[in-house]
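Trainee: My questions concern the predicted model and sequence given below.
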Amino acid sequence: MNIKSDILVPAKKLANDNPVRIRNESAEYRAARTALLAEEIELRRHIERVAAQRRALPQGGEVIGDYRFEGEEGEVDFAGLFRSKRTLVLYSYMFGPQRERPCPMCTNLLGAWEGNAADIDQRVSLAVIARSPLSRLVEWKRERGWKNLRLYSDLNGNYSRDYFGVLPDGSEIPALNVFTHHDGTIRHFWSAEMSGSTADPGQDPRGAPDPAPLWMVLDCTPEGRGTDWYPKLNYDR
């Protein structure tokens, strides 16, 4: 639901009227927290404005070409990835045949999506594309304990090349693309476009909102994301 900004209560008023108080907090803390809460409310509203602008995008380019994939149900074409849905969300997983193990950051993101995949599938089709053979993907899926994510091998690499899962020099990058299927025509709808050219100084390329819950949680902490830490595939406990 879109709400016109001119009928919204000002964020500062909502923050000032907020009744929450934390035990033993100081007046200094409450003043700073109230100012931050106003900014968080504005951020929430900006996120919704951006989402509305995204939903209002004009038609994207038609998807044409020889795109072939193999999943656990067998080989499928591009249309087959939609199943019965009108919208398809595809994540390009950095797990090409040259890698012994997949990208840890991609894996962290997909591990979180695994928990929501069955829910997401109620509204749209969600699939993961990688360039490794299906046998490796299935083995990895079993190792991680993933049951709901649908992983597909890009059989001829065309999708990965055309939709920015692979750079011209052959190196892999993560890519998030959304497609629509209406009246027999498949079109590109939106891409995260989180390339290095869009990154701010001192930050890894990332979109907004960040699709990884990991960072949302760390952004709520005094330590933040840090600059000397990166997710791993396994941890010694």
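Mentor: Ah, there it is.
Trainee: Mind picking out the helix or strand in this protein with the poorest mean pLDDT?
Mentor: Averaged element by element with mean pLDDT, DSSP states H and E, the chain has its least confident helix or strand at helix 213-219 (a mean of 83).
Trainee: Which residues does it contact?
Mentor: Identification of contacts with helix 213-219 by CB atoms under 8 Å, 6 or more residues apart in numbering yields Asn108, Leu109, Ala112, Arg206, Pro209, Asp210, Gly224, Arg225, Gly226, Pro231. For the C-beta atoms, the positions are set from N, CA and C on the backbone; glycine is no exception.
Trainee: Tell me the one of those nearest Thr180?
Mentor: Pro209 (21.1 Å; CB to CB).
Trainee: Tell me the secondary structure at the closest one.
Mentor: Secondary structure state of Pro209, per DSSP: H, G, I helix; E, B strand; the rest coil, is coil.
Trainee: could you list every residue that touches it?
Mentor: With the criterion set at CB under 8 Å, 6+ apart, Pro209 makes contact with Ile47, Met216.
Trainee: And the average pLDDT for the helix or strand hosting Thr180 is what?
Mentor: Per DSSP states H and E, Thr180 falls inside strand 175-182. Confidence for strand 175-182, expressed as mean pLDDT, is 95.
Trainee: ok, and for that strand, which residues are buried?
Mentor: Ala175, Leu176, Asn177, Val178, Phe179, Thr180, His181 (16 or more other CB atoms under 10 Å).
Trainee: Then stretch 212-219?
Mentor: In stretch 212-219, counting by 16+ other CB under 10 Å, buried: Ala212, Trp215.
Trainee: next one: phi and psi at the residue nearest the centre of the chain?
Mentor: Nearest to the mean C-alpha position of the chain, by CA atoms, centre = their mean, lies Pro211 at 3.6 Å. When read as degrees, to the nearest 10, the backbone of Pro211 gives phi -70, psi -10.
Trainee: List the residues that contact Gly224.
Mentor: Neighbours of Gly224 in contact, by CB under 8 Å, 6+ apart: Leu218.
Trainee: re the thing from before, and the contacts of helix 213-219, which of them are in helices?
Mentor: Asn108, Leu109, Ala112 (DSSP state H).
Trainee: burial count for the last one?
Mentor: Applying the criterion other CB atoms under 10 Å, we find 15 residues in the vicinity of Ala112.
Trainee: can you tell me how far it sits from Leu149?
Mentor: 11 Å (CB to CB, to the nearest Å).
Trainee: With the second one instead?
Mentor: As judged by CB to CB, Leu109 and Leu149 stand 11 Å apart.
Trainee: Which stretches in the protein count as helices?
Mentor: 11-17, 27-55, 78-82, 104-114, 117-120, 134-144, 158-162, 213-219.
Trainee: about what we covered before: report the distance from the least confident helix or strand of the chain to the chain centre.
Mentor: 13 Å (CA atoms, centre = their mean, to the nearest Å).
Trainee: per-domain residue ranges of the protein.
Mentor: Following the assignment in automatic domain parsing, the chain carries domains at 1-56, 68-191.
Trainee: what about stretch 74-93, how long is it end to end?
Mentor: 19 Å (CA to CA, to the nearest Å).
Trainee: switch to numbering from 35
Mentor: With the count now opening at 35, the last piece we talked about shows up as stretch 108-127.
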